[in-house]
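A.B. asks: pasted the sequence and its predicted model underneath.
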Amino acid sequence: MDSDDAELMFQGVERQAELVRTGKVTSRALVEAALRRISRFDPALGAFRVVLAEQALAEADARDAEAEGDAEQGDAGHGDAGQGRGPLHGVPIAVKDELDVAGQVTTFGGAANQTPVTADSEAVRRLRAAGAVVIGKTTMPEFGQWPFTESDTHGTAHNPWDITRTPGGSSGGSAAAVAAGLVGAALGGDGGGSIRIPAACCGLFGLKPQRGRVSTAPNAHLWYALGTVGPLTRSVRDAALLYDVLAGTTPADRWSARPVTTGWLRALETPPGRLRIGYSAKPAVPGVRPHPEHVEAMLETVRALRELGHDVREVNPRYPDATAPFAAQFCGGVRAEAAAVERPDLLEARTRSTLALARLVPEAAVERGIRAGERLAERADRMFTTMDLLLTPVVAARPRPVGALDGAGLLTALARSRPMVAYTALWNVTGHPAASVPAGHGTDGLPLAVQLVGRRDDEVSVLRVAAQLEEARPWAGRRPRLTAS
């Protein structure tokens with residue numbers, strides 16, 4: 001049974017949906033397999049804040065009943081079986097605990113909220129409309145402030161490749177769940193690298209989409225212009241499938257991206273052609289040095305891209321200084337989320353320190369930070385007049401031992417975070433799409449990754465080249481060796 005469960009859960013969401021659609025497996029069987037693996041492995045991983053076992057099984061049964069009804073209609077000559085089902089019909093998916101799931105508390109990684117919400121967030125609503133089964137909510141640091149998934153209230157998430165190491169953050173619970181084969185995909189959020197960093201630490205594909213690509217409703221924004229919502233997956237195709245489901249905004253969203261001209265999965269059917277790709281190991285944050293294995297992973301990717309026919313050249317980017325606009329929006333975002341919780345007296349000590357700093361940053365300064373970020377985006381756009389994509393490392397440091405935040409005050413936590421966000425945070429300020437792409441494993445046995453950054457609104461080129469790299473050097477077949485608790 002364990003090996004059968006693993007085979008099912010490591011398939012990825014596209015294949016799982018196909019198995020349900022063709023009747024080779026039921027949604028209930030998929031959900032039961034996921035629940036068994038969660039029960040067996042999550043006590044050591046800490047990926048889930050809450051597991052919605054009864055609700056998920058009920059949802060799975062409802063999906064299976066829909067499938068039976070479709071099959072009966074097809075047999076009666078009333079249409080094709082499965083015609084009205086969504087592309088994720090019956091597939092279990094996890095959700096980061098900053099997104100509303102009806103009937104559950106949105107904890108933001110802390111203890112200050114205690115009342116369940118009454119409605120799904122827009123992203124979760126779209127998942128359900130596509131047929132997905134929400135199986136649980138994943139762990140995060142309070143308000144997603146840190147690239148380490150450690151919470152005073154909900155504990156620490158661990159890397160499935162080495163449980164003594166961090167899975168990154170802030171979407172570390174989502175990343176650990178997918179990397180361990182507990183679910184085929186999970187939603188995360190990225191306000192400074194929080195999709196890409198855990199994807200890099202856990203050997204997953206993680207695309208931070210263009211700002212305004214995926215709705216943050218019912219909230220107008222996620223950390224103002226910094227935050228985006230998106231999935232962590234084992235494959236590029238799974239990510240494209242999920243963006244086909246998730247892409248689009250509502251009148252409640254402050255930002256809205258330019259619509260793509262074709263479906264995301266369909267876009268992968270067309271090769272990217274010969275692209276100009278610049279590469280650089282230079283971080284956007286001064287004073288940070290990349291780990292040599294990260295530089296070598298980038299250079300190995302350069303060789304692979306050249307073999308694929310691309311024009312790949314070393315560049316020396318003149319990165320704009322994004323410190324001030326990032327800091328203003330970081331402070332404003334944490335302050336806005338803290339103002340909405342029920343029990344601010346239960347916030348973590350580090351968060352209270354952030355709030356003390358945030359009180360020195362008025363709302364007008366946050367808005368100036370947003371406008372400054374737009375100017376920086378225009379400067380960054382000039383880099384893309386001579387190249388189509390930029391290739392860099394994702395993080396500067398190897399995944400550190402868990403406990404990065406133990407006893408750490410605000411300044412220490414910020415200092416320990418710098419090597420993790422040195423390549424990622426700039427693109428949150430500018431809004432450009434950027435993805436973490438697996439690139440093998442280091443001598444420590446933990447995954448390596450590279451970052452592909454695209455022009456504004458050009459996720460498609462990032463996806464197409466990432467798919468080429470995946471085909472040239474498949475990464476999904478290697479799995480962590482897990483030990484049951």
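C.D. replies: Cool, got the structure. Numbering: from 1, shown residues only.

A.B. asks: center of this structure, which residue is that?
C.D. replies: For the chain, the residue nearest the mean C-alpha position is residue 195 (3.2 Å; C-alpha atoms, centre = their mean).

A.B. asks: what's near enough to touch that residue?
C.D. replies: 171, 188, 189, 206, 207, 208, 228, 230, 232, 436 (C-beta atoms under 8 Å, 6 or more residues apart in numbering). Backbone N, C-alpha and C define where each C-beta goes, glycine included.

A.B. asks: pLDDT score assigned to it?
C.D. replies: Looking at residue 195, its pLDDT reads 98.

A.B. asks: ok so, going back, could the contacts of residue 195 be laid out in CSV, adding secondary structure and pLDDT?
C.D. replies: CSV is the format used below for these (DSSP: H, G, I helix; E, B strand; the rest coil; pLDDT from 0 to 100):
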residue, secondary structure, pLDDT
171, coil, 98
188, strand, 98
189, strand, 98
206, strand, 98
207, strand, 98
208, strand, 98
228, strand, 98
230, strand, 98
232, strand, 98
436, strand, 98
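
A.B. asks: what is the nearest of those residues to residue 393?
C.D. replies: The shortest gap between residue 393 and any of the contacts of residue 195 belongs to residue 436, at 9.8 Å (C-beta to C-beta).

A.B. asks: okay, and the beta partners of the closest one?
C.D. replies: residue 206, residue 451 (DSSP bridges).

A.B. asks: look at residue 381 and give its secondary structure.
C.D. replies: helix (DSSP: H, G, I helix; E, B strand; the rest coil).

A.B. asks: quick check, it in contact with residue 456.
C.D. replies: Yes: using C-beta atoms under 8 Å, residue 381 is in contact with residue 456, at 6.6 Å.

A.B. asks: who has more neighbours out of these two?
C.D. replies: residue 456 (18 against 13; other C-beta atoms under 10 Å).

A.B. asks: secondary structure element for the more buried one, which one?
C.D. replies: Secondary structure from DSSP states H and E places residue 456 outside every helix and strand.

A.B. asks: neighbours of residue 105, how many?
C.D. replies: A total of 18 residues lie near residue 105 under the criterion other C-beta under 10 Å.

A.B. asks: so for it, what pLDDT did the model give?
C.D. replies: For residue 105, pLDDT reads 98.

A.B. asks: list the contacts of it.
C.D. replies: 113, 114, 115, 116, 117 are the contacts of residue 105 under C-beta under 8 Å, 6+ apart.

A.B. asks: let's have those in a markdown table, adding pLDDT and distance to residue 132.
C.D. replies: Below are the contacts of residue 105 laid out as a markdown table (pLDDT from 0 to 100; distance: C-beta to C-beta, whole Å):
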| residue | pLDDT | distance to residue 132 |
| --- | --- | --- |
| 113 | 97 | 24 |
| 114 | 95 | 27 |
| 115 | 98 | 25 |
| 116 | 98 | 20 |
| 117 | 98 | 18 |
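
A.B. asks: narrow those residues to just the buried residues.
C.D. replies: Buried by 16 or more other C-beta atoms under 10 Å: 113, 117, out of those.

A.B. asks: now, the most widely separated pair of the contacts of residue 105?
C.D. replies: Longest span within the contacts of residue 105, C-beta to C-beta: 114 and 117, 11.4 Å.

A.B. asks: residue ranges with poor pLDDT in the stretch 51-200 of the chain?
C.D. replies: 71-83 (pLDDT under 70).

A.B. asks: next, the buried residues of stretch 311-321.
C.D. replies: Judged by neighbour count (16+ other C-beta under 10 Å), stretch 311-321 contains these buried residues: 312, 315, 317, 319, 320.

A.B. asks: run through who's touching that stretch.
C.D. replies: Stretch 311-321 has contacts (C-beta under 8 Å, 6+ apart) with 274-280, 282, 284, 302, 305-306, 376, 379-380, 383, 386-387, 390-391, 426.

A.B. asks: gap between the residue nearest to the centre of the chain and residue 205?
C.D. replies: In this view, residue 195 and residue 205 are 10 Å apart by C-beta to C-beta, to the nearest Å.

A.B. asks: now for the two: what residues contact both?
C.D. replies: In contact with both residue 195 and residue 205: 232, 436, using C-beta under 8 Å, 6+ apart.
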